[in-house]
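In: Okay, structure incoming, though there's no sequence with it:
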């Protein structure tokens, strides 16, 4: 009886293994043809563009919404992604092989000193690890258990992605056009009115409190070091930057952050206070500029970068 139960158990395991591989093969085929949406689409665009452009913009939604690659005198792609931070950006950077690129990486001051940040945002790229050994090795340094699970069950890498991926596959196949990744925000009249009411009630600027005693997050620093390694290996130019915001930080924090990057001997541009005068037409909310503000900033960013990396 025990022998039969053991055989049955083995048959179930083999069956699950086969089903997992078959379903993965189908999902993997779907994934490779998705180029819209943030589930897998933008990363696929990045994979197509990364070896053919001279400029890459990395970071959160504040990168995606604030930097227009088309104003630069070189082909570029903006890989800014909503809800991500430096872990996600450097995981993508692990796959770079093209030489002599200009890589702009967006960071915010609070990210530098966030004691709770563990880089979990890079796990959104788990599906990429089965196609890229370099990314797999990078993520394995921080989340070895996730890589192990993906090796046991291939379908695990699509956890939470299937519905969005299939939807974008069905709806985006005919309408897809490779973009430069820039996603500007165009607020409606109603949204502007709502935002103005918020400013009237709570004030124009909001201070982000960061304790002077909090050290640089160790994971954040390791991602900076890795980004520098990639840039050095590929003879690329690496620049970290902070784009404009109505969320302000103390001058001492700004200086500490500048000193951190200076000690690393890596270039950093702090444009948090870029706009000296407030104009609501330049903003969607406290953290994000509108398309109007982003276009003004992108032009100036281009000018300053040319001087910085000359």
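Out: Received it, and whenever you're ready, just let me know what you need. Remember, predicted model here, so these are calculated numbers, not experimental data. Numbers count the residues shown, from 1 in each chain.
In: How about the secondary structure of the spatially closest residue to residue 50 that is not a sequence neighbour?
Out: Counting by C-beta to C-beta, 6 or more residues apart in numbering, residue 50 lies nearest to residue 96, which is 6.3 Å off, once chain neighbours are set aside. For glycine as for every other residue, the C-beta is placed from the backbone atoms N, C-alpha and C. The three-state assignment at residue 96 reads coil, by DSSP: H, G, I helix; E, B strand; the rest coil.
In: Tell me which residues touch residue 29, please.
Out: By C-beta atoms under 8 Å, 6 or more residues apart in numbering, the contact list for residue 29 is empty.
In: From residue 169, how far out is it?
Out: Separation of residue 29 from residue 169 (C-beta to C-beta, to the nearest Å): 10 Å.
In: Contacts only, for the residue nearest to residue 50.
Out: Here residue 96 is in contact with 50, 56, 103, 230, 234, 236 (C-beta under 8 Å, 6+ apart).
In: Name the member of these with the most neighbours.
Out: residue 56 (25 neighbours; other C-beta atoms under 10 Å).
In: Only the buried residues of stretch 205-214, if you could.
Out: residue 210 (16 or more other C-beta atoms under 10 Å).
In: contacts for it?
Out: Stretch 205-214 is contacted from outside by 109-110, 113, 115, 246-250, 252-253, 256, 286, using C-beta under 8 Å, 6+ apart.
In: Just say helix, strand or coil for the nearest residue to residue 275 once chain neighbours are set aside.
Out: Of all residues not flanking residue 275 in the chain, residue 244 sits nearest, at 5.5 Å (C-beta to C-beta, 6+ apart). Of the three states, residue 244 takes coil according to three-state DSSP.
In: tally of neighbours for residue 244?
Out: By other C-beta under 10 Å, the residues close to residue 244 number 23.
In: that older thread, for the residue nearest to residue 50, give its distance to residue 241.
Out: 18 Å.
In: and if you look at residue 65?
Out: 14 Å.
In: Next: residue 27.
Out: Taking C-beta to C-beta, one finds residue 27 at 36 Å from residue 241.
In: who has more neighbours, the two?
Out: Legend: neighbour count by other C-beta under 10 Å for residue 27 and residue 241, higher for residue 241 (23 against 20).
In: I'd guessed the more buried one sits against residue 266; true?
Out: No - with contact defined as C-beta atoms under 8 Å, residue 241 does not reach residue 266; the gap is 11.2 Å.
In: List the buried residues for the biggest helix by length in the chain?
Out: Using DSSP state H to define each element, the chain has its longest helix at helix 2-31. Residues 24, 27-28, 30-31 are the ones in helix 2-31 that count as buried (16+ other C-beta under 10 Å).
In: Let me have the residues you listed in JSON lines, extended by pLDDT and distance to residue 151.
Out: Putting the buried residues of helix 2-31 into JSON lines (pLDDT from 0 to 100; distance: C-beta to C-beta, whole Å) gives the following:
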{"residue": "24", "pLDDT": "89", "distance to residue 151": "12"}
{"residue": "27", "pLDDT": "91", "distance to residue 151": "16"}
{"residue": "28", "pLDDT": "90", "distance to residue 151": "15"}
{"residue": "30", "pLDDT": "90", "distance to residue 151": "21"}
{"residue": "31", "pLDDT": "91", "distance to residue 151": "18"}
